[in-house]
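Colleague: Predicted model and sequence below, questions to follow.
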Amino acid sequence: MTSVSGADAVILVGGKGTRLRPLTLSAPKPMLPTAGVPFLSHMLSRIRAAGITHVVLGTSYRAEVFERYFGDGSALGLDIEYVVESEPLDTGGAIRNVADHLRADDAVIFNGDILSGADLAALVAAHRTSRADVTLHLQRVDDPSRFGSVPTADDGRVTAFLEKTPNPPTDQINAGCYVFRRSVIEEIPAGRRVSVERETFPGLLERGRHVHGFVDDSYWLDVGTPEAFVRGSADLVTGIAPSAALPGPAGQRLVLDGAVVAGDAEVTGGSTVGAGARVASGARVRGSVLFDGAEVAEGAVVEHSVLGAGARVGKDAVLRGVVLGDRAVVGAGCELLDGARVWPEIELPDSAIRFSSDA
């Protein structure tokens, strides 16, 4: 990937991450441990690798957590600034809210919950070559009916922004990454909610402005749900998703410092075992994320699940597709399946069986 020069990066990280509760009760979604580091670390590594060094974070929920962890960004070779929304402004309003902190003529805007392998330098080059007002990263997906679709003309110009439909005319969707001319950002109304999908982008088309589409089919995943979060973390660990921030070699598992995994335990499928976490004899952990201090007892099975900090899974318990909040306890012999979520501090008694439920 060639280097980007003369561009800022803006990452929008103000959302509350309600789809990922109870994990996001204690931390913003972009700060959740993902393949051993906060999810945002993987995004920042891509930005730095592309040669962009000035980054503005648009924050709101638990804003102080970001600055406490990343500081001024110098440890990462970045210059990070923070802009806090006092009230929700939606994507367009959040972009406008950071305008006074931009330094370059072009700004690459990222939604803070997208894991992507798109070539950022090629994206910016396409924007500049086409002399576009805004360029959208458009991702080809197998099932575009789950998203709004974005058709383009032969020259790459975006022609429409379409809502979800059973039979979309294209497999191209808005991938949550944009390049804006700074002058276009300054045209967005300030101090109120603005949707880029429903107001900014359609408005530009109506006024005859050049909205360009950069289309590719690289790795892409919205990690906003527990299922996708687990998959994204596993893809990072196994090397399917690109990142320079992985704190260890890619492989079937990532075991952080201070974690203990019994010799006969199976930890596979891109699982992460956080610092101080323990996986006991005979346990099987597959495609899962264990936050710091989590424990899996003897003979337990944990598949495609997330265990919050200090959560405990009892002997011979079975968890498949489950989220445990911080310090939640699942008793011995329990069976939790299909999207069950256990809130922080909750203790389930031995042999409780629950399906697709919250506790």
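Modeller: That came through fine. On a predicted model such as this, the values are computed, not experimentally measured, just so you know.
Colleague: all helices for the stretch 101-250 of the chain, in order.
Modeller: 120-130, 182-185, 201-206, 226-238 (DSSP state H, counting those that start in this stretch).
Colleague: so which of these comes closest to Arg62?
Modeller: helix 226-238 (17.2 Å; C-beta to C-beta). (C-beta placed from N, C-alpha, C; glycine too.)
Colleague: which of the helices of the stretch 101-250 of the chain is buried the deepest?
Modeller: helix 226-238 (a mean of 23; mean count of other C-beta atoms under 10 Å).
Colleague: which other helices and strands contact the very next helix or strand once past that one?
Modeller: Counting by DSSP states H and E, the element after helix 226-238 in chain order, helix or strand, is strand 253-255. The contact analysis (3 or more C-beta pairs under 8 Å, 6 or more residues apart in numbering; DSSP states H and E) places strand 253-255 against strand 266-268, strand 271-273.
Colleague: Can you name every helix or strand that the following helix or strand past the last one contacts?
Modeller: Beyond strand 271-273 in the direction of the C-terminus, DSSP H and E gives the next helix or strand as strand 278-279. For strand 278-279, the packing partners by 3+ C-beta pairs under 8 Å, 6+ apart come out as strand 260-261, strand 295-296.
Colleague: hmm, 6 Å instead?
Modeller: If contacts are counted by 3 or more C-beta pairs under 6 Å, 6 or more residues apart in numbering; DSSP states H and E, strand 278-279 sits against no helix or strand.
Colleague: residues near Ala75, how many?
Modeller: Neighbours of Ala75 under the rule other C-beta atoms under 10 Å: 8.
Colleague: neighbours around the spatially closest residue to Asp235 that is not a sequence neighbour, how many?
Modeller: Closest residue to Asp235 apart from its sequence neighbours, by C-beta to C-beta, 6 or more residues apart in numbering: Ala241 at 4.0 Å. Neighbour count of Ala241, defined by other C-beta under 10 Å: 26.
Colleague: Domain-wise, how is the chain divided?
Modeller: 7-222, 252-355 (automatic domain parsing).
Colleague: could I get the ones you listed as CSV with distance to Leu236?
Modeller: Putting the domains of the chain into CSV (distance: least, C-beta to C-beta, whole Å) gives the following:
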stretch, distance to Leu236
domain 7-222, 4
domain 252-355, 8
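Colleague: what's near enough to touch His127?
Modeller: Taking C-beta atoms under 6 Å, 6 or more residues apart in numbering, we find His127 in contact with Thr135, Val179.
Colleague: Equivalent analysis for the one 5 residues further on, please.
Modeller: With C-beta under 6 Å, 6+ apart as the criterion, the residues that contact Ala132 are His210, His212.
Colleague: Ser281 is in contact with Val261, correct?
Modeller: No: between Val261 and Ser281 there is no contact under C-beta atoms under 6 Å: 9.9 Å.
Colleague: Right, I'll call it a day here.
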